[in-house]
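Visitor: Coordinates only, no sequence provided:
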């Protein structure tokens, strides 16, 4: 698509859709659940032996669980902006958490996922964290909870940092002695259940964003009690893991920062406990949400139900913490979808898919007009048959001109300075051995490099005070 054509497509909101009694029945509701900073430490993906997520497991068993799903960017703002607009970070110039989506020339007039649904006759309401905290997008919703300018309720905080690491900021963890009802995610779930039961005449797009397990890992004590320190298993880590990583990758890892602080303060098990506790808290809220959904009129309307996390999270792997990298722990996310009449219960799909595919998939499933500017592809063939042919690797971008291409077997990363990484996930799922310099893998590198973005837009406008990381 030419630049002119793309701009025309982005600037064109679909004409308002006139609802008739027939298409009102045919267009399904959509329940979209977003989870922040959730990696594969969930029971159904088996990423950590202590992970305990019975409610997420039950949701995944309703339809298709994508076991090899990846984000468009390994941090909140670019990942969510890309998912909700269908436009890659490399096209939009939205690379960091401090760049407002609507100040990007490419996204200024972009038609977001929910805008397209609204123009097609849907009522779109959201609550909790869907877009990045600092940049809610009021144009994307008919209503929002808590408000169109504040996209998540506040959480209670302890009187002082809990983990003892000096200057920790929100890189902190520990129980907060409050009832669950005080937590922001509990309030979001209450609101969402109310929306499911609200009388209406339009099909509904309902977005519910759960903030945990985002930092700080403050949740009620009972969730910490589920994971006694004596039974915590630490991630498998190779002390010399960064020795064969290019300079840019080592810079992203910041091994002398968070990882050193955690080790020096003997907080590794406590941190793992805090993350697992926060996941368990999220899962409990998800259970409440799904129980309310199943009792609501919405569940009787054959809705599409999906859950995604915006990216993964490191807890020491590659001597790195948080997201902010182009390795598996950062790019891999949780993604499951149920589409009545298309999916069958209990299916797992190992094809490599991207969060960029969510927008076109929902457009396809709900019978909306297609949008030519979207850079993902509909997953409908894989929803109907998880073993169907699929030749699209997932591409993840971190800062300008740093990209990682993930196929079913391989991860190939090229940094802006030319540094490369190549990992064989069949033989090396922990990405411990960089094969990029070996001549026998030259052809594989060339094949994967074909999928690197050819456009690397300049950085969009940066702002201070963008909110949480």
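Guide: Alright, I've got the coordinates. All of these numbers come straight from a predicted model, not from anything done at the bench. Numbers count the residues shown, from 1 in each chain.
Visitor: Now residue 244. Nearest residue, chain neighbours left out?
Guide: Nearest residue to residue 244, sequence neighbours excluded (Cβ to Cβ, 6 or more residues apart in numbering): residue 434, at 4.2 Å. (Glycine included, C-beta is placed from N, CA and C.)
Visitor: For the one you found, give its distance to residue 272.
Guide: 26 Å (Cβ to Cβ, to the nearest Å).
Visitor: How about residue 441?
Guide: The gap separating residue 441 from residue 272 is 34 Å, by Cβ to Cβ.
Visitor: Looking at those two, which has the bigger crowd around it?
Guide: Taking neighbours as other Cβ atoms under 10 Å, residue 441 and residue 272 compare with residue 272 leading, 24 against 16.
Visitor: Just give the closest residue to the more buried one, not the sequence neighbours.
Guide: Residue nearest to residue 272 in three dimensions, not counting chain neighbours: residue 232, with 5.3 Å by Cβ to Cβ, 6+ apart.
Visitor: Spit out the contact partners of that neighbour.
Guide: Contact analysis of residue 232 by Cβ atoms under 8 Å, 6 or more residues apart in numbering lists 50, 269, 272-273, 276.
Visitor: just the residues you listed now: which is nearest residue 159?
Guide: Of all the contacts of residue 232, residue 159 sits closest to residue 273, with 20.6 Å by Cβ to Cβ.
Visitor: so that closest one makes contact with residue 227?
Guide: Yes. Residue 273 lies in contact with residue 227 (Cβ atoms under 8 Å); the separation is 4.9 Å.
Visitor: By residue count, what's the longest helix in the protein?
Guide: Longest helix in the chain, counting residues (DSSP state H): helix 268-295.
Visitor: Mind listing what's buried along that helix?
Guide: Neighbour-count burial for helix 268-295, counted by 16 or more other Cβ atoms under 10 Å, picks out 268-290, 292-293.
Visitor: just to revisit the earlier point, what about the residue nearest to residue 244, neighbour count?
Guide: 21.
Visitor: With residue 85 instead?
Guide: 30.
Visitor: In space, what's closest to residue 45 - neighbours in sequence excluded?
Guide: residue 67 (6.4 Å).
Visitor: Just the residues contacting the helix or strand where the one you found lies, thanks.
Guide: If you go by DSSP states H and E, residue 67 is part of strand 64-70. Under the criterion Cβ under 8 Å, 6+ apart, residues 44-45, 308, 331-338, 343, 347-355, 379, 382-383, 386, 394, 396, 406, 408 lie in contact with strand 64-70.
Visitor: got it, and stretch 253-270?
Guide: The contact list for stretch 253-270 (Cβ under 8 Å, 6+ apart) reads 163-165, 168, 171, 173-174, 229, 232, 234, 242, 245, 271, 316, 318-322, 325.
Visitor: Which element, helix or strand, includes residue 209?
Guide: Per DSSP H and E, residue 209 falls inside strand 204-210.
Visitor: what's the spacing between the residue nearest to residue 272 and residue 215?
Guide: Residue 232 is 18 Å from residue 215, where distance means Cβ to Cβ.
Visitor: Check residue 145 too.
Guide: Using Cβ to Cβ, we find residue 145 at a distance of 22 Å from residue 215.
Visitor: which residue packs closest to residue 421, ignoring adjacent ones?
Guide: residue 413 (4.2 Å).
Visitor: what bridges to the one you found?
Guide: residue 404, residue 421 (DSSP bridges).
Visitor: what's it in contact with, if anything?
Guide: Contacts of residue 413 by Cβ under 8 Å, 6+ apart are 249, 326, 402-405, 420-422.
Visitor: tell me which of these is nearest to residue 95?
Guide: Taking Cβ to Cβ as the measure, residue 95 lies nearest residue 402 of the contacts of residue 413, at 8.9 Å.
Visitor: OK, contacts around the closest one?
Guide: For residue 402, the contact set (Cβ under 8 Å, 6+ apart) comprises 248, 326, 413-416.
Visitor: I'd like to know which of these are buried.
Guide: 248, 326, 413-415.
Visitor: Please identify which of these is nearest to residue 103.
Guide: residue 326 (25.1 Å).
Visitor: shouldn't the closest one be in contact with residue 404?
Guide: Yes. The pair residue 326 / residue 404 is scored as a contact, 3.9 Å apart, by Cβ under 8 Å.
Visitor: List of residues touching the strand holding residue 209?
Guide: For strand 204-210, contacts defined as Cβ under 8 Å, 6+ apart pick out 29-36, 114, 117-118, 122-130, 141, 151-152, 185, 188-189, 192, 195-196, 282, 285-286, 289, 298.
Visitor: Stretch 433-453 now?
Guide: Taking Cβ under 8 Å, 6+ apart as the rule, stretch 433-453 contacts 88, 90-91, 244-245, 393, 395, 397, 403, 405, 407, 410, 412, 414, 420-424.
Visitor: Any buried residues in it, and which?
Guide: So stretch 433-453, judged by 16+ other Cβ under 10 Å, has buried residues 434-436, 441, 444-445, 448, 451-453.
Visitor: With stretch 220-227 instead?
Guide: Buried residues in stretch 220-227 (16+ other Cβ under 10 Å): 220, 223-224, 227.
Visitor: Is it possible to get JSON lines of the contacts of residue 413 that adds pLDDT?
Guide: Below are these laid out as JSON lines (pLDDT from 0 to 100):
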{"residue": "249", "pLDDT": "98"}
{"residue": "326", "pLDDT": "98"}
{"residue": "402", "pLDDT": "98"}
{"residue": "403", "pLDDT": "98"}
{"residue": "404", "pLDDT": "98"}
{"residue": "405", "pLDDT": "98"}
{"residue": "420", "pLDDT": "98"}
{"residue": "421", "pLDDT": "98"}
{"residue": "422", "pLDDT": "99"}
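Visitor: that older thread, so what strands line up beside the strand holding residue 67?
Guide: Using DSSP bridges, strand 64-70 pairs in its sheet with strand 332-338 (antiparallel), strand 347-349 (parallel), strand 353-354 (parallel).
Visitor: want to try TSV for the ones you listed, with mean pLDDT, distance to residue 460 and mean neighbour count as columns?
Guide: Formatted as TSV, the entries for those read as follows, by pLDDT from 0 to 100; distance: least, Cβ to Cβ, whole Å; neighbours: other Cβ atoms under 10 Å:
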stretch	mean pLDDT	distance to residue 460	mean neighbour count
strand 332-338	98	23	26
strand 347-349	98	33	20
strand 353-354	98	21	26
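Visitor: Using CSV, please lay out the ones you listed together with distance to residue 180.
Guide: Shown next, in CSV, are those (distance: least, Cβ to Cβ, whole Å):
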stretch, distance to residue 180
strand 332-338, 22
strand 347-349, 31
strand 353-354, 33
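Visitor: related to what we said a few turns ago, and of the contacts of residue 232, the nearest to residue 203?
Guide: Closest approach to residue 203 among the contacts of residue 232 (Cβ to Cβ): residue 276, at 37.5 Å.
Visitor: Just say helix, strand or coil for residue 442.
Guide: Secondary structure, DSSP: H, G, I helix; E, B strand; the rest coil: residue 442 is helix.
Visitor: for residue 237, same thing?
Guide: Under three-state DSSP, residue 237 falls in the coil class.
Visitor: pLDDT value on the nearest residue to it once chain neighbours are set aside, please?
Guide: Leaving out its chain neighbours, the residue that sits closest to residue 237 by Cβ to Cβ, 6+ apart is residue 316, at 5.2 Å. For residue 316, the pLDDT comes out at 97.
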